[in-house]
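Student: need coordinates for the below:
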Amino acid sequence: MKRPALAAVSLSLLLTACVPAGMESASEGAATDSGLLAEHQLDGLDAAGIIDHLDQLDVAERPADLMASVRQDELLLSDGASELSLELPEGRSYLSIAPYLKQTHECYYHSLTTCLGELGDETVTVKITDDATGETLVDERTETFSNGFAGFWVPDDIQGTIQISHDGRTGTADFSTADGKATCITDLQLS
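Tutor: I've put the predicted structure just below:
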């Protein structure tokens, strides 16, 4: 893992909703409970596969008894009885972005089972750029998931800009994939 756990806060408390800034993982030494994965039909999937699967599930189908939080270098899973920490793919970070018109929420670490954005199942155009190199990392038209988020795998340790357009409105937000930075972008207002 890229960083040690910084607090002894219970994982199950951290994962009850979108996780605000300043709250850290208690996953150091978390049990590797394959039963937790099997119980939620996630066995056989790595961290990236679980993230992609859970984020794309319809809100009505998301497991109410599973908390899943995406950090910069790990996926934390808990069902209240078992906890599991899975490392993310080397050199990759997951950004979950919820563009909004009028309503948003504060979020730092994306919760795959509880975070809800305003614009679910909407077509958006997304451009993500690496500020240091000017390289366009993402440039596509996509549909937000039913939870109002769109998720993207991008390189670690970069700073960049996200631009999203929807129905003639555009918004931008800055991001960083450096250690400890947000995986949940909810400050991108379309105007």
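Student: CA only for contacts and neighbour counts going forward, please
Tutor: Will do.
Student: in this protein, which spans are helices?
Tutor: 11-14, 34-39, 47-56 (DSSP state H).
Student: hey, least reliable of those by pLDDT?
Tutor: Comparing mean pLDDT across these, the weakest is helix 11-14, with a mean of 38.
Student: mind giving me the domain split of this protein?
Tutor: 11-87, 92-185 (automatic domain parsing).
Student: tabulate those domains (JSON lines), appending distance to residue 191 and mean neighbour count.
Tutor: Listed next are these as JSON lines, based on distance: least, CA to CA, whole Å; neighbours: other CA atoms under 10 Å:
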{"stretch": "domain 11-87", "distance to residue 191": "24", "mean neighbour count": "18"}
{"stretch": "domain 92-185", "distance to residue 191": "5", "mean neighbour count": "19"}
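Student: worst average pLDDT in those domains?
Tutor: Looking at those, the weakest mean confidence is domain 11-87, a mean of 78.
Student: just give the nearest non-adjacent residue to the residue nearest the centre of the chain, would you?
Tutor: When CA atoms, centre = their mean is applied to the chain, the residue found nearest the centroid is residue 110 (3.7 Å). Distances taken as CA to CA, 6 or more residues apart in numbering put residue 184 closest to residue 110, at 4.6 Å, once the chain neighbours are dropped.
Student: my read: the one you found touches residue 104, true?
Tutor: No: in this structure, residue 184 is not within contact of residue 104 by CA atoms under 8 Å, at 11.7 Å.
Student: how near is the residue of the chain most remote from its centre to residue 101?
Tutor: The C-alpha centroid of the chain is most remote from residue 168, which lies 26.1 Å away (CA atoms, centre = their mean). Separation of residue 168 from residue 101 (CA to CA, to the nearest Å): 12 Å.
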